[in-house]
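J.: When you get a sec, could you give me coordinates for this:
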Amino acid sequence: MLAILSAIFGFLAPFLPELLKWFTRRQDNAHEIAMTRLRLEAASQEHLWRMEEINATADIAEMKALHQPQPSLGVKLLDAADGKYPAWTVVPVFWLFGLLDWLSGMVRPTVTYAAFTFYMVVKFARFRLMESVVSTETQWYGLVTKMWDGNDMAVLTLVLSYWFGNRIAQKAFGWGQGR
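T.: Prediction:
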């Protein structure tokens with residue numbers, strides 16, 4: 001029996017190194033396939049990260065562009081007319097464009113003040129109407145508390161959160177005072 005096993009082992013022994021090489025190559029190939037898959041996954045992730053970086057950079061550039069102060073038309077006019085035209089022709093046009101810049105800058109504050117004034121007029125009219133309807137024993141502060149409702153609280157919360165949130169954003173993101 002030992003002779004038969006020796007013969008079989010002797011017959012298969014020359015094939016043993018090739019068999020080991022085959023297993024090693026198979027493991028190496030499996031390892032290379034796994035590494036190639038990982039590289040492809042990493043490349044796709046890197047592509048996504050790069051796209052996110054490009055989007056973030058574009059968002060930052062957009063925000064910087066939006067928060068830059070608008071150049072004055074009058075200043076642009078003075079720069080364009082530097083030495084080309086006499087001062088007596090440029091100065092009145094400069095003042096006109098300065099006035100237009102001021103009017104353009106006053107649109108939002110004017111609308112805000114007008115809306116607030118209208119709100120206060122409506123509240124005052126409502127107060128006077130309630131005062132004329134209720135009995136004379138009712139105090140003025142009782143009427144004010146009856147006039148204050150959920151919508152007024154929402155408006156107050158909106159305004160306060162905007163202004164205080166804006167202050168926090170200015171400190172957190174380093175926005176200038178001109179924002």
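J.: After the strand or helix carrying Leu38, which helix or strand is next?
T.: Assigned by DSSP states H and E, Leu38 belongs to helix 16-66. Per DSSP H and E, the first helix or strand lying C-terminal to helix 16-66 is helix 73-80.
J.: Averaged pLDDT, that following helix. What do you get?
T.: For helix 73-80, mean pLDDT is 73.
J.: May I see the buried residues of that helix?
T.: Leu73, Gly74, Leu77, Leu78 (16 or more other C-beta atoms under 10 Å). Quick note: C-beta positions are derived from backbone N, CA and C, even for glycine.
J.: do the same with stretch 93-111
T.: Buried, per 16+ other C-beta under 10 Å, within stretch 93-111: Phe94, Phe97, Asp101.
J.: Now tabulate those in TSV and tack on secondary structure.
T.: Shown next, in TSV, are the buried residues of stretch 93-111 (DSSP: H, G, I helix; E, B strand; the rest coil):
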residue	secondary structure
Phe94	helix
Phe97	helix
Asp101	helix
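J.: and which of those residues is nearest Arg128?
T.: Asp101 (40.9 Å; C-beta to C-beta).
J.: Against Pro71, how distant is that closest one?
T.: 9 Å (C-beta to C-beta, to the nearest Å).
J.: what residues are up against Met63?
T.: For Met63, the contact set (C-beta atoms under 8 Å, 6 or more residues apart in numbering) is empty.
J.: No further queries at this time; thank you.
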